[in-house]
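Engineer: let me see the structure of the following:
(chains A and B)
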Amino acid sequence: MDEINIDKALLKMKETHYPVDYVQQYESIMERVEQQKRPLAFFFQKPLLASMSMLFLAFGVFFYSGATNKTDYTGNSSKIDTFMASVAVIDNDENQTEQQDFYSSFLDGTIE
Amino acid sequence: MEKHFNEIYSEHKEFIWNITSKYFQNKWDREEAFQEIFVKIHRYLPAYKENGQNYLKTWLYKIAITTSINFFKKQKRVQMIKDVIGFNERLFFRDQQPSNETTMRGKEESVDYLLKPLNANQRAVIVLREIEGLPYEEISEIMNVNIGTVKSMLNRSKIKIREYLKKEGICNGRD
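Structural biologist: Just a heads-up that it's a prediction; the model follows:
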């Protein structure tokens, strides 16, 4: 088998010219430069894609926060659980007070 | 600023295209990399302090080579993901794929496949040394490695090309 001459092949590669439209390339470059100056342009050019990505991101954040807001190993509940529990306590307190007022008024005879 | 950029584009577009067209095999990659390079030149031009024409060219070489290397690595990662998920381009772009026969005939005639077995840095060394004809010192400055490393990378790249050509049975560079 003949020895392969790499230098000759590389020389051939060097001499090979690939055609290109420099004017069209310049226009594309300037378009990209303009896009970089206006980062929000993406939202206006592709609103559907942009809103879909935002929705996807929002779902991601929602599920991630849900996944991390679990009761930890020490038995302490997370912020959301603590908040919900405190709301429930307040609710119960209010209900109990209202009910007690109602019964006391009923027993006093002010309400028939 | 725009004026300076336009001057750089009109004066240096050919040599930048020469680098990208040799570095990448397909037309889409070549054009994408070419545009990306000039977008970066436009972005970093205000920070660039001009120190003479020679320095400007080295700076342009640095941007061109770094961008090409990064673009090549990114394309490789995309290809890896495509391979993992089993994405077959032929199913989507059936009409644009050349027939097998054309591809084989093209291999004999063109030299596009020469850099195929090389990694990003090896391609850069071959393009800078063999295509652009730069001295080792300048290549080492552009690639931020020492001259010995440049020489060994060049040597290893040629061995890799030779092995690839033997394996594929391509006789283009034969004496």
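Engineer: what residues of stretch B:64-73 count as buried?
Structural biologist: By neighbour count on 16 or more other C-beta atoms under 10 Å in any protein chain shown, the buried set for stretch B:64-73 is B:A64, B:I65, B:T66, B:T67, B:S68, B:I69, B:F71, B:F72. C-beta here means a position set from N, CA and C on the backbone, and glycine is covered the same way.
Engineer: any stretches of chain A with poor pLDDT?
Structural biologist: A:1-4, A:39-45, A:65-100, A:102-103, A:106-107, A:109-112 (pLDDT under 70).
Engineer: can you pull the domain assignment for the chain?
Structural biologist: Assuming you mean chain A. Domain ranges of chain A: A:13-68, A:72-112, per automatic domain parsing.
Engineer: hmm, no, I was thinking of chain B.
Structural biologist: Domain assignment for chain B by automatic domain parsing gives B:1-97, B:99-175.
Engineer: sorry, back to before: tell me which of the buried residues of stretch B:64-73 fall in helices.
Structural biologist: B:A64, B:I65, B:T66, B:T67, B:S68, B:I69, B:F71, B:F72 (DSSP state H).
Engineer: mind putting these in JSON lines, distance to chain A and pLDDT included?
Structural biologist: Output for these, formatted as JSON lines (distance: C-beta to the nearest C-beta, whole Å; pLDDT from 0 to 100):
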{"residue": "B:A64", "distance to chain A": "14", "pLDDT": "95"}
{"residue": "B:I65", "distance to chain A": "17", "pLDDT": "95"}
{"residue": "B:T66", "distance to chain A": "17", "pLDDT": "94"}
{"residue": "B:T67", "distance to chain A": "13", "pLDDT": "94"}
{"residue": "B:S68", "distance to chain A": "15", "pLDDT": "94"}
{"residue": "B:I69", "distance to chain A": "19", "pLDDT": "94"}
{"residue": "B:F71", "distance to chain A": "14", "pLDDT": "93"}
{"residue": "B:F72", "distance to chain A": "17", "pLDDT": "93"}
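Engineer: once you drop chain neighbours, what's closest to B:A124?
Structural biologist: Closest residue in space to B:A124, ignoring its immediate chain neighbours: B:I65 at 5.0 Å, by C-beta to C-beta, 6 or more residues apart in numbering or on different chains.
Engineer: same thing with B:L115?
Structural biologist: Among residues not flanking B:L115 along the chain, B:R123 sits closest, at 5.1 Å (C-beta to C-beta, 6+ apart).
Engineer: gap between A:A50 and chain B?
Structural biologist: The gap separating A:A50 from chain B is 21 Å, by C-beta to the nearest C-beta, to the nearest Å.
Engineer: which strand or helix spans that residue?
Structural biologist: helix A:47-68 (DSSP states H and E).
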